[in-house]
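> Kindly generate the corresponding structure for this input.
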Amino acid sequence: MHAHGSFARRLRLRRLHRHPSGLLVVPLDHAMSGGPLAHRGTLDGLLARLADGGADAVVLHKGAVRRVRPDRFREMSLILHLNASTGLASDPDAKYPVATVAEALRLGAEAVSVHVNVGSRTEDRQIAHLAGTAEQCDRWGVPLLAMMYVRGPGITDGRDPELVAHALAVGAELGADLVKTALPDDPAAIARITAGCPVPVLAAGGHASFEVLETALRAGAAGLAVGRTVFTADDPGAVTRRLSALAHGDRTPAGVR
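Numbers count the residues shown, from 1 in each chain. Here you go, the predicted structure:
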């Protein structure tokens, strides 16, 4: 957690990092890109299970926030996602603004997130949006999570360690408090990436196994950002509890205990 910044920003970051050993974020912004979330019951009911399971924060779009009860956030933070795209677009890697930091504050969010596809055709607009959002976050004392991915027509391996490190550097250089990405599988590569990044790195879940996520944490990731594995599960609460135990657990590397 940063020692600098406004009191408001430090206060919000402190609430986000309520477990000093690690952070568990559950992104639930997938409906924009892929259609309705495949989960049983209501979004509000899902959030109740995530909160009970120990999630530190959820990522939602602004319309979704209105469908959940405020008391779901007694022990869980709200991160408002500020850009989007759909899988139906001619360029699914493009991202465009759909909300602002001011809207996030009006909705009670404690942080905002922005997705950037480094290497995409519209990289320039996405990076410009991230930079503008960082300025607004600085003005209003709001933490910024940058979701930095390596995706585009010239990219053959989006988890190439050098490319991932470069993408994370872009997020950190432009003012993100946290960065999220799809990390490589190699623990040594993860260790180099996380050691070289000046802000905490969250390992994106995607379709990664629990073993892969644990490896990322032991190699230096500061936490997890896992959505699909949670909301598609038969028991999202049980999956969240297991992920929470990983993210908030022991970081001692194997063989050093």
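> rest of the way, CA atoms for contacts and neighbours
Will do.
> Can you show me the helices along the stretch 151-257 of the chain?
Along the stretch 151-257 of the chain, the segments classed as helices by DSSP state H, counting those that start in this stretch run 161-173, 187-196, 210-218, 228-231, 236-247.
> now the third one and helix 187-196, what's the angle there?
This means helix 210-218. Interaxial angle, helix 210-218 versus helix 187-196 (axes from the mean of the first three to the mean of the last three Cα atoms, to 10 degrees): 40 degrees.
> Tell me the helices and strands packed up against helix 210-218.
Applying 3 or more Cα pairs under 8 Å, 6 or more residues apart in numbering; DSSP states H and E, we find helix 210-218 packed against helix 187-196, strand 201-204, strand 223-225, helix 236-247.
> What of the fourth one?
With contacts defined as 3+ Cα pairs under 8 Å, 6+ apart, the secondary structure elements packing on helix 228-231 are helix 236-247.
> Flag the helix or strand of this protein with the lowest per-element mean pLDDT.
Taking mean pLDDT, DSSP states H and E as the measure, helix 31-34 is the helix or strand of the chain with the lowest mean score, a mean of 90.
> List the buried residues of it.
Neighbour counts over helix 31-34 (16 or more other Cα atoms under 10 Å) mark no residue as buried.
> ok, now stretch 33-52?
H39, L43, D44, L46, L47, A48, R49, L50, A51, D52.
> Kindly report the same for stretch 81-89.
Neighbour-count burial for stretch 81-89 flags H81, L82, N83, A84, S85, T86 (criterion: 16+ other Cα under 10 Å).
> Surely the second one and A109 touch.
No: counting by Cα atoms under 8 Å, L82 sits too far from A109 to count as a contact (11.6 Å).
> returning to what we had before: I'd like the helices and strands packed on helix 210-218 laid out as JSON lines, including mean pLDDT, distance to A169 and mean neighbour count.
Shown next, in JSON lines, are those (pLDDT from 0 to 100; distance: least, Cα to Cα, whole Å; neighbours: other Cα atoms under 10 Å):
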{"stretch": "helix 187-196", "mean pLDDT": "98", "distance to A169": "9", "mean neighbour count": "18"}
{"stretch": "strand 201-204", "mean pLDDT": "98", "distance to A169": "11", "mean neighbour count": "28"}
{"stretch": "strand 223-225", "mean pLDDT": "98", "distance to A169": "18", "mean neighbour count": "27"}
{"stretch": "helix 236-247", "mean pLDDT": "97", "distance to A169": "23", "mean neighbour count": "21"}
